[in-house]
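Asker: Sequence first, then the predicted structure:
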Amino acid sequence: MTPQPTPASEPAKASQPTPVSGPAKATRPPPDAEPTPAPQSASSLVPRPDRAAEAIETVFRMESPRIIAGVTRIVRDIGIAEELAQDALVTALEQWPREGVPDNPGAWLMTTARRRAVDLVRRRENYARKLAEIGRDLSAVSPPAEPADPDDIDDDLLRLVFTACHPVLSTEARTALTLRLLGGLTTAEIARAFLVPEPTIAQRVVRAKRTLATRNIAFEVPHGADREARLGSVLDVIYLIFNEGYAATAGDDWLRPSLCEDALRLARVLSALMPKEPEVHGLTALLELQASRTWARTGPSGEPVLLKDQNRSRWNRMLIARGIDALGRAETTSSGAPGPYTLQAAIAACHAHAYTYEETDWARIATLYGLLAARSPSPVVELNRAVAVSMSEGPGPALALVDALAGDPALRDYHLLPSVRGDLLARLGRTQEARAEFERAASLTRNERERELLLRRATEQQ
């Protein structure tokens, strides 16, 4: 995936030279940063229906990815595994209000779902074939009250990540399935996040699961060259989810923080599961650094706030620190040239290190974009580089770079091209031309907040 450009003074997507802001659901401090309440026993929890329902909802959202992953290893079908996980949820809704919340509710749900999976396999007519595929006699297995080996659960979760993001699926299907299975979101929540009808999301999820089943996609972590290609697909899906929350492509809101939170949470999980993969840490670093600026990117009415006008005291320093640490891990685990996500994280770190807009090291940012263009050639990367050049060398040299991109078919309807050009023309004093470019950019964007910003910039050109 390539970064999105922005004029140095305008907000942009996570891949742009402007980082994002603020804390969200996924921006909670690490466990050692805040006190942990003492665990409660089942007898101390009042078995009221409302209390139990709240506990079930919370636990299931947190544990459902691991439950589905563990069950998929048994039944070898993501769709069936999700149904069995839902069955375990229904059982919890029936029992917990009467009997109280278990001491380890996640393990309770896992055990219940696994038992149902074993029963299902036993009932199948092709039981013998399934036993051969699974490689063990399920009839001799009694699911433990808790996962016997946490590493096994992590391996299953990693298999689920790669399966949900399999390249046999379309990008839209991968995104919806990942949010459903790994993000724990409902169909309605995904539909609201992407501003599409709920039946559309439901169809994408159903078709994705059917495709995985009919194509006999293995529930496994790929190896060798296939692993690198498949890992790129996983990272791209997480990045796409974050970007849609960071600067929504359509609708009335500039930010959708919940999507940023979900993407950041997935990136952190993946970093823990694949600690030796530099690009996994690179993506996590990029999202941590971008998410650190969420609350500074919008004003009281939700309007976009330009990078140069952001109140940097509102940037989340804890997330910046986490991002710098993740970037360090990306660099230390890499044995060769940095990958595209690591390079983008390094660009975001340049912004994070600057306590004022004037202190930004634009020359280094331009250099990093040059490396990124060599690593992942793209007109979008070149447009980003032109933005950085405009700040380090001036708008004149940058305008020449932008004009050279004007005829690229990939940027024909890309609203940030005239937006960048308008910014450069305005800085050169060519206000009438700048006004026309901002108006054209406003006509191309589908986000209402961004349109208002661009039209306001157009009216400022007198």
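Answerer: Received, thanks.
Asker: so where's the protein uncertain?
Answerer: 1-52, 55, 124-154, 193, 195, 248-255 (pLDDT under 70).
Asker: roughly how far apart are Ala247 and Ser419?
Answerer: Separation of Ala247 from Ser419 (C-beta to C-beta, to the nearest Å) stands at 12 Å. In short, each C-beta sits where N, CA and C put it, glycine included.
Asker: same thing with Ile68?
Answerer: For Ile68, the distance to Ser419 - C-beta to C-beta - is 42 Å.
Asker: Just to check, Gly106 is in contact with Arg61?
Answerer: No. Checked against C-beta atoms under 8 Å, the pair Gly106 and Arg61 is beyond contact range at 11.0 Å.
Asker: For these two, indicate the residue with more neighbours.
Answerer: Neighbour totals were compared for Gly106 and Arg61, and Gly106 leads with 17 against 13 (other C-beta atoms under 10 Å).
Asker: neighbours of the closest residue to that one other than its chain neighbours, just the number please.
Answerer: Distance criterion C-beta to C-beta, 6 or more residues apart in numbering; nearest residue to Gly106, sequence neighbours excluded, is Glu63 at 4.1 Å. Using other C-beta under 10 Å, Glu63 is surrounded by 21 other residues.
Asker: Could you check how far the top helix by length along the chain is from the centre of its chain?
Answerer: Looking across the chain with DSSP state H, the single longest helix is helix 49-75. For helix 49-75, the separation from the chain centroid amounts to 21 Å (computed by C-alpha atoms, centre = their mean, to the nearest Å).
Asker: and if you look at stretch 327-334?
Answerer: For stretch 327-334 - counting by C-alpha atoms, centre = their mean - the centre lies 20 Å from the chain centre.
Asker: Can I get it in PDB, CA atoms only?
Answerer: Listed next in PDB are the C-alpha coordinates belonging to stretch 327-334 (Å, rounded to 0.1, in the frame of the first residue of the first chain):
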ATOM      1  CA  LEU A 327      10.100   1.400  14.900                       C
ATOM      2  CA  GLY A 328      13.200   0.400  16.800                       C
ATOM      3  CA  ARG A 329      12.100  -3.200  16.800                       C
ATOM      4  CA  ALA A 330      11.400  -3.000  13.000                       C
ATOM      5  CA  GLU A 331      15.000  -1.700  12.400                       C
ATOM      6  CA  THR A 332      16.700  -4.300  14.700                       C
ATOM      7  CA  THR A 333      14.800  -7.300  13.300                       C
ATOM      8  CA  SER A 334      15.500  -6.300   9.700                       C
END
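Asker: Torsion angles phi and psi at Asp408?
Answerer: Torsion angles at Asp408 (phi, psi; degrees, to the nearest 10) stand at phi -70, psi 120.
Asker: dump the residue contacts of the nearest residue to it once chain neighbours are set aside.
Answerer: Spatially, and ignoring its direct neighbours in sequence, Asp408 is nearest to Pro379 (4.5 Å; C-beta to C-beta, 6+ apart). Contact analysis of Pro379 by C-beta atoms under 8 Å, 6 or more residues apart in numbering lists 405, 408, 410-411.
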